[in-house]
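Enquirer: need a structure here:
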Amino acid sequence: MRLRGVVLPDGEVRELWVRDGRIAAEPVPGVETLCESGWIVPGLVDAHCHVGIRYGGGHEDHDGAVAQAEIERDAGALLLRDAGSPIDTRFLDERADLPEIIRAGRHIARPKRYIRELGIELDDERDLPEIVAEQARRGDGWVKIVGDWIDRSVGDLRPLWSDAILKAAIDAAHREGARVTAHVFGEDALYGLLDAGIDCIEHGTGLTDDTIASMAAHGTALVPTLVNIDTFPGIADSATKFPTYAAHMRDLHRRSRDTVAKAHDAGIPIYTGTDAGGSIRHGRIADEITALMHAGLSPHDALGASSWNARAWLGRPGIEPGAPADLVVYERDPRTNPEVLAHPTWVVLRGRVYARHTPVTGHR
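Expert: Predicted coordinates:
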């Protein structure tokens, strides 16, 4: 097929040609034209997504996982970093009509210190390095650790691991060629994780000036999952038995946008993630991009955090000859019209076109 439009991020009007599901280096004669105008963006990225966790909780079944991936595709999210799933979703790789998933294996936590039945629970923290190495070998270059969670014995967020064990575990993952990320809501767990050399922080609502400076110095990435952070007031309302924890969660939510703005100003790499699965429905990547704009990122940077920059961070190409034809086409500039993000005109995955949840062979 052929496409013509403003190609981001460079902003130039160009023609793109697609042959055999990939972007061609030269014009392809005799093909159909998909569009003569519009804005063409490298396929969007949801860098914190849980295909395999059912909305409302629990394990998803085969058909449910397929449906979740389809929803992401139709929203334009064509590359997903699955930040922990209780089921093996590799059967989805056999489907050319579904987004690519980069897996982080299963969450690794302690007993009663995370959502039940989702993660691997370690009775002895000394097993963490071995389990991290095992998950690194099973995943796609990422491992997910639960860094903090409510400790009911103290009534507030508290780290799960000692600093020495975190260092040994992250070193073990790096020896396997994997990067490590961690779920962190509060302040205290960040110090040990950053000192241990972690590669990414999920949520990061407890970042302070000191830990922001540490992340910036080490090049540690942040995936703030702002649409999920907006559930914090509801979590606090349900935690009446733990008033300190409830107040803490409300405070983290109150300053979440300022926290992201400070992280961005410090030069921390920020990428979009919705935390879809469980309490967040799939297909909300447009909402997360818009939330980053409201947190102070420029529209160009916010879109880049979910497209060309996120793809490069995860080792996937953008729009270039030989790359998979994974594209999203908008009628208007999605940077100056954020509402357009939720309504792509065309979604092109591996050279196949989707619109309004229906695959299309091509348009003149």
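Enquirer: what distance separates whichever helix or strand A286 is part of from the centre of its chain?
Expert: Here A286, judged by DSSP states H and E, is contained in helix 285-294. Computed by CA atoms, centre = their mean, to the nearest Å, the chain-centroid distance of helix 285-294 equals 13 Å.
Enquirer: contacts for the helix or strand following it?
Expert: Along the chain past helix 285-294, the next helix or strand (assigned with DSSP H and E) turns out to be helix 299-304. Helix 299-304 is contacted by residues 8-9, 41, 264, 272, 289-290, 292-293, 310, 334-336, 338, 341 when judged by CB atoms under 8 Å, 6 or more residues apart in numbering. No exception for glycine: its C-beta is placed from N, CA and C like everyone else's.
Enquirer: what's the lowest-pLDDT member of the residues you listed?
Expert: In this model, the minimum pLDDT among the contacts of helix 299-304 belongs to P338 (81).
Enquirer: distance of that residue from A286?
Expert: Plainly put, P338 is 8 Å away from A286 if you go by CB to CB, to the nearest Å.
Enquirer: Those two: who's more crowded?
Expert: A286 (24 against 17; other CB atoms under 10 Å).
Enquirer: returning to that earlier point: filter the contacts of helix 299-304 down to just the buried residues.
Expert: Buried subset of those (neighbour count, 16 or more other CB atoms under 10 Å): 8-9, 41, 264, 272, 289-290, 292-293, 310, 334-335, 338, 341.
Enquirer: Just give me the closest of those to V180.
Expert: Nearest to V180 among the buried ones among the contacts of helix 299-304 is A310, at 17.9 Å by CB to CB.
Enquirer: can I assume the closest one sits in a strand?
Expert: No. A310 is assigned helix when assessed by DSSP: H, G, I helix; E, B strand; the rest coil, not a strand.
Enquirer: Leaving out chain neighbours, which residue sits closest to it?
Expert: V45 (3.7 Å; CB to CB, 6 or more residues apart in numbering).
Enquirer: measure that neighbour to I285 for me?
Expert: Taken as CB to CB, the span from V45 to I285 is 8 Å.
Enquirer: between those two, which one's more packed in?
Expert: Ranked by neighbour count (other CB under 10 Å), V45 and I285 place V45 first, with 31 against 28.
Enquirer: following the helix or strand that contains the more buried one, which helix or strand shows up next?
Expert: Per DSSP H and E, V45 falls inside strand 44-49. Counting by DSSP H and E, the next helix or strand C-terminal to strand 44-49 is helix 62-74.
Enquirer: helix/strand/coil for the nearest residue to P224 once chain neighbours are set aside?
Expert: Closest residue to P224 apart from its sequence neighbours, by CB to CB, 6+ apart: V260 at 5.1 Å. Of the three states, V260 takes helix according to three-state DSSP.
Enquirer: mind listing what V260 touches?
Expert: Taking CB under 8 Å, 6+ apart as the test, what V260 contacts is L222, P224, L226, I270, L292, A295, G296, L297.
Enquirer: do R22 as well
Expert: Listed by CB under 8 Å, 6+ apart, the contact partners of R22 are G322, A323, P324, A325, G351.
Enquirer: just checking, the last one touches A325?
Expert: It refers to G351. Yes. Assessed by CB atoms under 8 Å, G351 is found in contact with A325 at 4.2 Å.
Enquirer: between the two, which one's more packed in?
Expert: Higher neighbour count among G351 and A325: A325, with 23 against 17, using other CB under 10 Å.
Enquirer: any idea how far that one is from I102?
Expert: Taking CB to CB, one finds A325 at 19 Å from I102.
Enquirer: what's the longest strand in the chain?
Expert: strand 12-19 (DSSP state E).
Enquirer: in this structure, what spans have low per-residue confidence?
Expert: 356-364 (pLDDT under 70).
Enquirer: most centrally placed residue in it?
Expert: A47 (1.5 Å; CA atoms, centre = their mean).
Enquirer: Contacts only, for T211.
Expert: By CB under 8 Å, 6+ apart, the residues touching T211 are E187, L190, Y191, L194.
Enquirer: what secondary structure does it sit in?
Expert: helix.
Enquirer: I'd like to know how many residues surround G177.
Expert: Residues within reach of G177, counting by other CB under 10 Å, total 9.
Enquirer: how about stretch 242-249: buried residues?
Expert: For stretch 242-249, using 16+ other CB under 10 Å, the buried residues are F242, Y245, A246, H248, M249.
Enquirer: So what's the gap between it and the chain middle?
Expert: 27 Å.
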